[in-house]
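Visitor: pasting the structure only:
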């Protein structure tokens with residue numbers, strides 16, 4: 001007997017950077033206001049039985065302290081209090097939502113039918129974190145990307161815990177689990193449609209992976225909010241509509257990444273002519289709109305038991321927690337392409353307002369500074385998983401080898417890195433070439449792609465590589481140069497003019513590095529790359545990887561020192577010097593292969609959790625089901 005109510009997982013990110021760890025009334029009201037409309041939407045849904053809300057503050061603190069390299073992980077009282085008070089604020093928001101619904105709906109609001117909320121924080125994860133720590137300290141570091149970088153899929157480890165534990169214990173196995181983004185309003189109709197499909201597929205042992213979408217049933221499609229990808233930079237600024245030229249961007253995207261529109265929509269003239277030269281037809285666009293993680297993602301127990309989330313990525317990659325995960329399962333033969341298996345449930349639509357304050361210049365700048373790179377990263381990762389012909393990509397081949405050979409398989413990491421790098425570079429150049437030439441109605445993406453083509457094609461540094469949004473550069477590099485505690489740092493500092501040296505020595509790291517100084521740093525680093533002095537300075541204490549050794553053997557001209565020096569500098573200054581987008585993605589892909597190898601250790605530790613360790617995982621949904629499964 002399958003349940004008629006759903007379980008929902010959602011994630012509430014709460015930044016700890018710059019926090020005083022003391023809640024004041026302004027912070028309390030701000031957090032309650034942020035979540036109130038979404039909690040009210042949950043409470044209106046009588047077909048939702050339980051809502052898990054994960055607050056990631058504690059795990060962020062755990063990873064921060066783990067980097068301190070101490071024998072134990074220690075928290076201050078203020079940190080623990082802040083984490084607890086965050087969850088207390090959310091509980092207050094639930095009570096406020098109930099009070100408002102009682103006033104607004106009166107007797108039609110049935111309190112007894114409302115879902116329960118379970119807020120998850122550090123205390124709920126102590127037992128599991130301790131178990132992982134005892135097995136291997138490195139396992140905890142996989143809870144996020146390198147240097148505690150939280151990306152799209154980092155919170156999905158907690159979701160994986162819920163799916164695995166509830167997936168092996170009756171009666172919890174009978175309640176489908178859907179993932180909803182924190183800024184998405186749920187509704188009974190959409191949840192009901194997803195439940196219908198989930199109940200149907202849960203009677204089969206086959207792996208399944210599907211979701212609803214964004215929008216409002218019966219209303220015109222809103223380009224700003226209703227596609228999985230962001231289009232605020234592309235729509236008409238006044239009418240918020242897409243022109244015919246702009247719409248071609250969505251169709252083109254389906255040839256290199258996730259499907260947004262049907263195949264009968266036209267591609268851009270440039271892509272059409274390009275494919276004609278290649279003597280092939282546009283064919284990668286799928287029969288179904290992409291699966292969307294925040295719109296009620298459902299995955300079977302087998303899916304999460306077999307492959308982990310991409311939770312240890314350092315790079316922010318569009319589609320990483322939905323389309324790309326499904327693509328990987330398809331590439332490994334775990335499930336068929338749509339329409340043979342369902343990917344998108346029609347009319348299961350959820351409302352999302354991505355720009356409640358309007359599309360500001362800040363949002364436009366964000367697209368150029370951040371989002372376009374994420375979108376390109378998604379296209380690159382797509383190519384690492386699946387070839388244009390629909391065959392296994394290099395990442396899928398490596399993951400399959402690990403899964404099929406008992407997770408103990410060994411492989412030549414440098415050889416795999418080279419193959420991943422080749423595909424990633426070819427894909428980046430192809431996508432950027434398309435974006436630099438296709439007419440999408442405005443020049444924003446074209447201008448960005450033209451600049452990115454120069455960066456991708458060159459081993460030299462670019463000033464845009466040094467962004468304060470990362471946790472590494474340029475602040476750490478400036479501090480390392482300032483302190484000059486090692487021979488390489490002293491050598492690099494000597495390359496600067498005396499005036500710039502004095503400015504670096506006076507830099508305290510409390511504020512971003514000035515733009516003029518960033519320009520000077522980039523110029524000096526590039527001058528170092530162009531000489532062979534750096535090799536002599538680094539070779540004694542920087543490990544020469546196989547890739548560097550191969551480049552050295554090929555080196556015949558002075559300019560060929562540049563890639564060698566760039567790789568050496570990246571190794572010697574791992575946290576201070578930015579790696580190229582390609583190398584970051586390749587590093588993430590390799591990290592994921594290693595995570596797949598360790599995933600059985602995670603699953604084993606998770607399955608050992610009992611009610612006494614994590615009662616929250618065994619919360620009952622109020623529904624009349626037999627206490628034991630019927631035969």
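Guide: Ah, there it is. It should be emphasised that the depicted structure is a prediction, and the values quoted were computed from it without experimental measurement. Numbering: from 1, shown residues only.

Visitor: Now name the helix or strand holding residue 211.
Guide: Using DSSP states H and E, residue 211 sits in strand 209-214.

Visitor: Show the average pLDDT along the helix or strand that that strand is followed by.
Guide: Scanning forward in sequence from strand 209-214 by DSSP H and E, the next helix or strand is helix 244-256. Per-residue pLDDT over helix 244-256 has a mean of 95.

Visitor: Just name whatever secondary elements helix 244-256 is in contact with.
Guide: Applying 3 or more C-beta pairs under 8 Å, 6 or more residues apart in numbering; DSSP states H and E, we find helix 244-256 packed against helix 269-278, helix 372-385, helix 413-437. Every residue, glycine included, has its C-beta placed from N, CA and C.

Visitor: tell me the mean pLDDT for the last one?
Guide: This means helix 413-437. The average pLDDT within helix 413-437 is 92.

Visitor: Give the buried residues for the helix or strand just after that helix.
Guide: Sequence-wise, the next helix or strand downstream of helix 413-437 (DSSP H and E) is helix 444-456. Residues of helix 444-456 classed as buried by neighbour count (16 or more other C-beta atoms under 10 Å): 445, 448, 449, 452, 453, 455, 456.

Visitor: Mind telling me what element residue 49 is part of?
Guide: Taking DSSP H and E as the criterion, residue 49 maps to strand 48-55.

Visitor: which strands and helices sit next to the helix or strand hosting residue 565?
Guide: Assigning secondary structure by DSSP H and E places residue 565 in helix 561-572. With contacts taken as 3+ C-beta pairs under 8 Å, 6+ apart, helix 561-572 sits against helix 515-529, helix 533-538, helix 546-554.

Visitor: That one relative to helix 546-554, how many degrees between them?
Guide: Helix 561-572 and helix 546-554 meet at an angle of 150 degrees, taking axes from the mean of the first three to the mean of the last three C-alpha atoms, to 10 degrees as the criterion.

Visitor: can you give me the offset of helix 561-572 from its chain's centre?
Guide: 28 Å (C-alpha atoms, centre = their mean, to the nearest Å).

Visitor: Equivalent analysis for stretch 363-382, please.
Guide: Taking C-alpha atoms, centre = their mean, the mean C-alpha location of stretch 363-382 is offset from the chain mean by 12 Å.

Visitor: first to last residue in it, what's the distance?
Guide: 26 Å (C-alpha to C-alpha, to the nearest Å).

Visitor: quick one on the thing from earlier: list the buried residues for whatever helix or strand comes next after the helix holding residue 565?
Guide: The helix or strand immediately downstream of helix 561-572 is helix 581-607, counting by DSSP H and E. Buried residues in helix 581-607, counted by 16+ other C-beta under 10 Å: 581-593, 595-599, 602-603, 605-606.

Visitor: Show the contacting residues for residue 85.
Guide: residue 23 (C-beta atoms under 8 Å, 6 or more residues apart in numbering).

Visitor: Now do the phi/psi pair for it.
Guide: Residue 85 adopts backbone torsions of phi -70, psi -30, taken as degrees, to the nearest 10.

Visitor: Ok, the one 4 residues further on next?
Guide: Here the main-chain torsion angles of residue 89 (degrees, to the nearest 10) amount to phi -60, psi -40.

Visitor: ok, for it, nearest residue in space, not its chain neighbours?
Guide: Leaving aside its sequence neighbours, residue 89 sits nearest to residue 31 (C-beta to C-beta, 6 or more residues apart in numbering; 4.8 Å).

Visitor: Now do the helix or strand hosting the one you found: distance to the chain's middle.
Guide: Remark: residue 31 resides in helix 25-44, with elements defined by DSSP H and E. Put simply, helix 25-44 sits 25 Å off its chain's centre (C-alpha atoms, centre = their mean).
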